[in-house]
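Colleague: Return a 3D structure for these sequence lines:
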Amino acid sequence: MNNKMNPKDSTAMKPLAGIVPVILAGGKSSRMGWNKSLAIMGGARIIEIVAGKVSGLFSAQLLLVTNTPDVYRYLGMTMVSDIFTDMGPLAGIHAALRHTTAPGIFVCGCDMPFISEKLIRHMAGLAQDYDVVVPRQDSARPEPLHAIYSRRCLEAIGFCLTRGQRRIAAFFPEVSVRYIDEAEIRTVAPGRDIFLNINTPAELEKGRKLCSVGDLHFINSPD
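Modeller: Model (predicted):
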């Protein structure tokens, strides 16, 4: 049985195999004041934009990690909930890895409508040789909710969670990590707003100004 992730592929538009796309939708949206993933941008809810982008990149079915499945049932996605409750996004990554038997997962937040297909494909091409592939801005700020995680991370993540460690990067010293620094990011995907999180009303307004319907791909538009 081959447990390696998808190697580099010369066919740029070929669906990525061996990696399950995962959206985490477990935040409290405290800075927004209401469920940010359901905010409308470009004619669709933000989570629909994110789902439309990532689902078209991978051959595997999209997985949604949420502790409020009734909210997202209309999307028709496979959903799982955290095993470790109230432990933040690290618990969501853990739940996704426990659910799937794939060699790895691509994880993104439900509030990131400008993720880059080119960057994700670049990351997937590197993933076979590392346990984690994660972009890093300014050589200091990793983007762990725009990253690929191997199944080999599961034990280290579980160990952190059982010790009450919530920070995603807490397990990085125990695995092999490939950082994609800013210069490499800009070479692959020069857009400046790839990692924009829609967490506040001001960021939502910024996102609405940046987007146009023609630039966004989404599923199940709201009525």
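Colleague: from memory Ile47 sits against Ile40, does it?
Modeller: No - the pair Ile47 / Ile40 is not scored as a contact, 10.9 Å apart, by C-beta atoms under 8 Å. No exception for glycine: its C-beta is placed from N, CA and C like everyone else's.
Colleague: who's more crowded, these two?
Modeller: Ile47 (29 against 14; other C-beta atoms under 10 Å).
Colleague: Can you give me the distance of the more buried one to Leu62?
Modeller: To Leu62, Ile47 is 11 Å away according to C-beta to C-beta, to the nearest Å.
Colleague: Name the residues contacting each of the two.
Modeller: Ile23 (C-beta atoms under 8 Å, 6 or more residues apart in numbering).
Colleague: where along the chain do the strands fall?
Modeller: For the chain, the strands defined by DSSP state E cover 19-24, 40-41, 44-45, 63-65, 78-80, 104-109, 132-137, 141-142, 146-150, 177-181.
Colleague: pLDDT-wise, which helix or strand of this structure ranks last?
Modeller: The helix or strand of the chain with the lowest confidence, counting by mean pLDDT, DSSP states H and E, is helix 201-210 at a mean of 86.
Colleague: Send over that helix as PDB, restricted to the C-alpha atoms.
Modeller: In PDB, the C-alpha atoms belonging to helix 201-210 read as follows (Å, rounded to 0.1, in the frame of the first residue of the first chain):
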ATOM      1  CA  PRO A 201     -16.800  43.600   9.900                       C
ATOM      2  CA  ALA A 202     -13.900  45.700   8.600                       C
ATOM      3  CA  GLU A 203     -12.300  42.700   7.000                       C
ATOM      4  CA  LEU A 204     -15.600  41.600   5.600                       C
ATOM      5  CA  GLU A 205     -16.000  45.000   3.900                       C
ATOM      6  CA  LYS A 206     -12.400  44.800   2.600                       C
ATOM      7  CA  GLY A 207     -13.100  41.300   1.200                       C
ATOM      8  CA  ARG A 208     -16.200  42.600  -0.500                       C
ATOM      9  CA  LYS A 209     -14.300  45.300  -2.200                       C
ATOM     10  CA  LEU A 210     -11.600  42.900  -3.300                       C
END
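Colleague: Which other helices and strands does that helix contact?
Modeller: strand 40-41 (3 or more C-beta pairs under 8 Å, 6 or more residues apart in numbering; DSSP states H and E).
Colleague: Can you give the contact residues for the strand it packs on?
Modeller: Taking C-beta under 8 Å, 6+ apart as the rule, strand 40-41 contacts 46, 49, 113, 198, 204, 207-208, 211, 216, 222.
Colleague: What remains of those residues if I keep only buried residues?
Modeller: 46, 49, 113, 198, 204, 207, 211, 216 (16 or more other C-beta atoms under 10 Å).
Colleague: Farthest-apart pair in the residues you listed, please.
Modeller: Across the buried ones among the contacts of strand 40-41, no pair lies farther apart than Leu204 and Leu216, at 14.3 Å, counting by C-beta to C-beta.
Colleague: so how far is Val50 from the spatially closest residue to Glu117 that is not a sequence neighbour?
Modeller: In this structure, Glu117 finds its nearest non-sequential neighbour in Leu57, 6.0 Å apart by C-beta to C-beta, 6 or more residues apart in numbering. From Leu57 across to Val50, the span is 11 Å (C-beta to C-beta).
Colleague: Between the two, point out the one with more neighbours.
Modeller: Set Leu57 next to Val50 and count neighbours by other C-beta under 10 Å: Val50 wins out with 29 against 20.
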